[in-house]
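Enquirer: predicted model and sequence follow; I will ask about them next.
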Amino acid sequence: MAAFRAYEAALMADDVATLDELFAPGPDTLRADGEGVLVGSDRIAAFRSARGGAPQRTLAEVHVRVVDEDAALIVAGTVLDRGGRGLQTQLWQRSADTPGHGGWRITAAHVSVPPAALDPRIWRVVGDPLVPPSGDGPLTGQSVAVKDLYAVAGHAVGAGNPARLADAIPEPAHAAAVGRLLDAGAAVRGIARTDEFAYSLAGTNAHSGTPPNPAAAHRIPGGSSSGSASAVALGHATIGLGTDTGGSIRVPAAYQGLYGIRTTHGAVDRTGLLPLAADFDTVGWLTRSPALLAAVGDVLLPPGSSGSSAELVFLRDLVDSAEPDVRTAVRGWLADAGAAELDASLPDLDRWRAAFQTWQGFQAWQAHGAWLTDRLDVLGPDVRSRFETAAAIDGDTAARARALLDTARSQVLELVGDRVLVLPSAPSVAPLAATGAPPEVRNATMRLTCLAALTGLPAVSLPVRTAEGLPAGVCLVAAPGRDRALLEMVQDDTRT
């Protein structure tokens, strides 16, 4: 009990060193909460040092059940200062070889607290519903998490930034895509969080926090359609309406085990959508099933041909650029699908990726520079650094980047042809939330995602699992306008 009381005091003081000392070292120590299980003392320590302290509370009741002279189970009821009751269960074990606290250490723990009525990491505003459907249709009974870039009548567009939201005025009408979904019978559940101005692939908003990733405990959700993706993965909504400029549908789909589509550039009306880089911005959405992914496509996509089969192909260099666990999962899918390896390579891909980021940044500053010039301090560090870089891109540099992209576009279109190119949706599983995604992860991810983005091609991400059970994504890329064919292909794929 002395060790237990020391733990409780350290928790309330956010004394990370003592908390680490009171958890048993080694790879088998467990800590679980509503977002999942952390395995191993190193991961638990990283989580604890990054979270910024636990909610303040007092002990209401403590129950001890002795297992044997070197093990005891403690169940404690708590009262949170913010209101509500919590519960904490700990398995304590004693070792004569462990100094301090009588040799007692926690080997497994589970913590529960009452859920918030509104999780501000996921939602900016939510209702039941926020906007009812306009009538019955093929999406009757479905609910939509709308990324905070789309106009929702009566609500301002905040673009993931509190200062932008404070300056904005309520929108007089729904964005075109939102209106089509409402007309088809879907309801708007709420307005979901996004990375600031959609200028990120991580999903770690500096102002509202990081939405949870229910498919990969304590890992980042992927951005910038992070709130929409988390809402769908958690079952808060059935459809996540997002955007994909450089991977913002495909990355969260891969990280959270969802289905997602980036549509052909210009195929879906972008009226009422706040731009990031108009030459690359596309409407996209996420679901938990391929059937619903296709049903949304029937509503939003223009009429077109579909159903024709196409050869599945891949490039060894693209697949091998993924981390080993993702590479193995994607290769397993390729083998099952009978995909053929192309005798080709893309030696200029890194130059294309850099040119893509340059032209994207140039357009992003054209879209938002007038408002941001004297307000860069309202941005979180990561997004601020990107806009600072974007502000320094001169017209000549941008023009050279665009010329290179024109060359890249023709080469990619020729490579894809009437086939379907298969590649990893992201080169790694979701990074741990405690460490975040370093710049090299962003660049490696953009290296894969820019292929569809710079060419305006449709791309569908479908879920696979690594050997350790973590979600990853397989991406199917086709020629412009073949969105419906991709959606049918994913529906017919028994591996999904």
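Expert: Great, that's in hand.
Enquirer: for stretch 363-370, list the C-alpha coordinates in CSV.
Expert: The C-alpha trace of stretch 363-370 is given here as CSV (Å, rounded to 0.1, in the frame of the first residue of the first chain):
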residue,chain,number,x,y,z
GLN,A,363,-0.2,27.7,-54.3
ALA,A,364,-0.9,27.4,-50.6
TRP,A,365,0.7,30.8,-50.0
GLN,A,366,-1.2,32.3,-52.9
ALA,A,367,-4.4,31.0,-51.3
HIS,A,368,-3.7,32.0,-47.7
GLY,A,369,-0.7,34.3,-47.6
ALA,A,370,-2.7,37.5,-47.5
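Enquirer: what sits up against it?
Expert: By CB atoms under 8 Å, 6 or more residues apart in numbering, the surrounding residues in contact with stretch 363-370 are 197, 199, 275-280, 372, 386-387, 390-391, 393. For every residue, glycine as well, the C-beta is placed using N, CA and C.
Enquirer: okay, Thr98: pLDDT?
Expert: If you check Thr98, the pLDDT there is 81.
Enquirer: same question, the one 5 residues further on
Expert: Reading off the confidence values, Gly103 has pLDDT 94.
Enquirer: what about the nearest residue in space to it that is not next to it in sequence, how many residues close to it?
Expert: Leaving aside its sequence neighbours, Gly103 sits nearest to Arg94 (CB to CB, 6 or more residues apart in numbering; 4.5 Å). Arg94 has 16 neighbours, counted by other CB atoms under 10 Å.
Enquirer: now the strands for the stretch 51-200 of the chain?
Expert: In the stretch 51-200 of the chain, the strands defined using DSSP state E, counting those that start in this stretch lie at 57-68, 71-80, 85-94, 104-112, 123-131, 143-147, 187-192.
Enquirer: I figured Pro133 was touching Arg180, is that so?
Expert: No. With contacts counted by CB atoms under 8 Å, Pro133 stays clear of Arg180, the gap being 11.4 Å.
Enquirer: anything in contact with each of those two?
Expert: By CB under 8 Å, 6+ apart, Pro133 and Arg180 have no common neighbours.
Enquirer: what sits opposite the residue nearest to Gly103 in the beta ladder?
Expert: Trp104 (DSSP bridges).
Enquirer: how much space separates it from Leu59?
Expert: As for Arg94, its distance to Leu59 is 22 Å (criterion: CB to CB, to the nearest Å).
Enquirer: adding distance to Gly40 and neighbour count, write the contacts of stretch 363-370 out as JSON lines.
Expert: Shown next, in JSON lines, are the contacts of stretch 363-370 (distance: CB to CB, whole Å; neighbours: other CB atoms under 10 Å):
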{"residue": "Phe197", "distance to Gly40": "36", "neighbour count": "24"}
{"residue": "Tyr199", "distance to Gly40": "33", "neighbour count": "27"}
{"residue": "Pro275", "distance to Gly40": "43", "neighbour count": "19"}
{"residue": "Leu276", "distance to Gly40": "38", "neighbour count": "23"}
{"residue": "Ala277", "distance to Gly40": "40", "neighbour count": "23"}
{"residue": "Ala278", "distance to Gly40": "45", "neighbour count": "14"}
{"residue": "Asp279", "distance to Gly40": "44", "neighbour count": "17"}
{"residue": "Phe280", "distance to Gly40": "40", "neighbour count": "25"}
{"residue": "Leu372", "distance to Gly40": "42", "neighbour count": "23"}
{"residue": "Arg386", "distance to Gly40": "33", "neighbour count": "21"}
{"residue": "Phe387", "distance to Gly40": "37", "neighbour count": "22"}
{"residue": "Ala390", "distance to Gly40": "39", "neighbour count": "24"}
{"residue": "Ala391", "distance to Gly40": "42", "neighbour count": "15"}
{"residue": "Ile393", "distance to Gly40": "43", "neighbour count": "20"}
